[in-house]
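Student: compute the structure for the input listed below.
(chains A and B)
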There are 2 protein chains.
Amino acid sequence: MGQTGDMDHNIPDPSVRRLSAYLRQLERLAGEGATHVSSRQLAGFIKAGDAQVRRDLALFGQFGRRGVGYEVADLVNVLRTILGTRQRQWPVVVVGAGEICHALLTHRGFAERGFDLVAAFDIDPKKIGKKVGGVEILSMDDLKPVVDRLGVRLAVLTVPAEAADETARRLCEVGVEGILNFASTGLDVPEDVFVSEVDITAHLEQLSFRLISHRP
Amino acid sequence: MGQTGDMDHNIPDPSVRRLSAYLRQLERLAGEGATHVSSRQLAGFIKAGDAQVRRDLALFGQFGRRGVGYEVADLVNVLRTILGTRQRQWPVVVVGAGEICHALLTHRGFAERGFDLVAAFDIDPKKIGKKVGGVEILSMDDLKPVVDRLGVRLAVLTVPAEAADETARRLCEVGVEGILNFASTGLDVPEDVFVSEVDITAHLEQLSFRLISHRP
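Tutor: Numbers count the residues shown, from 1 in each chain, chains lettered A, B, ... in the order given. Below is the predicted model of the structure:
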């Protein structure tokens, strides 16, 4: 098993995304009982070249052995260490208890990947106090106490676009440092808060772009 | 207004994603009544450099005027043309009528961006025949007739991971050419079918990676 080097602050987002893609495939392979995987196999899963895989992993240290490939269980541990989900379980709050929140809370699989959806928040009195997927929907007044008590650093923002900036501001005020944003509007947050955008329309546009480019 | 050049088949995914990000911001600016925008402003929204914006747009032609910037309405049209949502409205089917499907069908905003969610499909007799967000849930037996009749080329796959490959195979058989995959498992599809993956865990990992890299 290799050593993970110092985390480089300049790793670009696409490289980090590929690390997650490798990890998803390795978790699947581990579930199927596979013990070894080649960079070519890993590359095939995400339709990249095997040189790309080796380059991505080389950013973090020396892994794998020529002719043998990577040990699946080792590489899972390495990638989880790099991505920060091996050392700890991240408590995550969801703000905005609408349909997306519902889908997230009823989805099994986040916890075993290092993310515990610990509470959801809304301003609608009709929603507050209900449970979805075993998680209670709380009033926004409870946001700060919950974040403080559980040491929450990550939040998922699923409020309507028009409420996104104000809600993001509140999240930053209570100490949230990373926001997964479903509001498909750029958030105005302090420099030191990280935002990852989920834009379903952008995914559809990716596909329509490819279709008209290749088969107009 | 500039001319969009020939579509380049080698435009990398991250560039296409940035085009979508620019378009989201321009749509918002247009809604706020803005008429012009600089590459610097556009860059600010997505935390990129303005040179990046100019480079991305230059891939497709000459837009904008020095000192004046881009006309918002024009650039919206240009980006929609590039992404394929100006020329046509894309009918889209959703396969797997679970929570994510529910969230998608009740989300307003896809249609005005060029994507009509026209039908959902499931194998569960308890779901078939119901309507969600005005869209009927149909039996998988109806997939081919609907795809044929409406000329569907895009599908959203929201079935459980273990059913993803089999369902993707059926989608390809009936002629679907692009799949938005929520199953967070790599799909084994023919070379000429495009897949875009939505992996929420990967977004969370992107954030946890940044947090441990910057403030361990």
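
Student: for residue A:149, see how far away residue A:102 is.
Tutor: Distance of residue A:102 to residue A:149, computed by CB to CB, to the nearest Å: 24 Å. C-beta coordinates here come from the backbone N, C-alpha and C atoms, glycine included.

Student: wait, residue A:29
Tutor: 38 Å.

Student: and those two? Which one has more around it.
Tutor: residue A:29 (20 against 11; other CB atoms under 10 Å in any protein chain shown).

Student: secondary structure element for that one?
Tutor: For residue A:29, the host element (DSSP states H and E) is helix A:13-31.

Student: pull the residues that contact that helix.
Tutor: A:37, A:42, A:45-46, A:48, A:52-53, A:56-57, A:59, A:72-73, A:75-76, A:79-80, A:82-83, A:113, B:13-14, B:184-186, B:197, B:199, B:201-202, B:205-206, B:209 (CB atoms under 8 Å, 6 or more residues apart in numbering or on different chains).

Student: the longest strand seen in chain A packs against which elements?
Tutor: Longest strand of chain A, by residue count under DSSP state E: strand A:115-122. Judged by 3 or more CB pairs under 8 Å, 6 or more residues apart in numbering or on different chains; DSSP states H and E, the packing partners of strand A:115-122 are strand A:90-95, helix A:99-106, strand A:135-139, helix A:143-150, helix B:200-214.

Student: just the buried positions in the third one, please.
Tutor: Residues of strand A:135-139 classed as buried by neighbour count (16 or more other CB atoms under 10 Å in any protein chain shown): A:135-138.

Student: ok, those vs chain B, which is closest?
Tutor: Of all these, chain B sits closest to residue A:135, with 13.4 Å by CB to the nearest CB.

Student: ok, the closest one - contacts?
Tutor: Counting by CB under 8 Å, 6+ apart, residue A:135 has contacts A:94, A:105, A:117-120.

Student: again, only using 7 Å
Tutor: Contact analysis of residue A:135 by CB atoms under 7 Å, 6 or more residues apart in numbering or on different chains lists A:105, A:117, A:119-120.

Student: adding distance to residue B:127, pLDDT and neighbour count, write those residues out as a markdown table.
Tutor: Putting those into a markdown table (distance: CB to CB, whole Å; pLDDT from 0 to 100; neighbours: other CB atoms under 10 Å in any protein chain shown) gives the following:
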| residue | distance to residue B:127 | pLDDT | neighbour count |
| --- | --- | --- | --- |
| A:105 | 20 | 95 | 22 |
| A:117 | 25 | 97 | 23 |
| A:119 | 29 | 97 | 21 |
| A:120 | 25 | 98 | 27 |
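
Student: nearest to chain B among those?
Tutor: Once CB to the nearest CB is applied, the member of those that ends up nearest chain B is residue A:105, at 8.7 Å.

Student: the worst-scoring helix or strand of chain A on mean pLDDT packs against which elements?
Tutor: When the helices and strands of chain A are scored by mean pLDDT, DSSP states H and E, helix A:39-45 comes last with a mean of 84. Where contact means 3 or more CB pairs under 7 Å, 6 or more residues apart in numbering or on different chains; DSSP states H and E, helix A:39-45 is packed against helix A:13-31, helix A:50-58.
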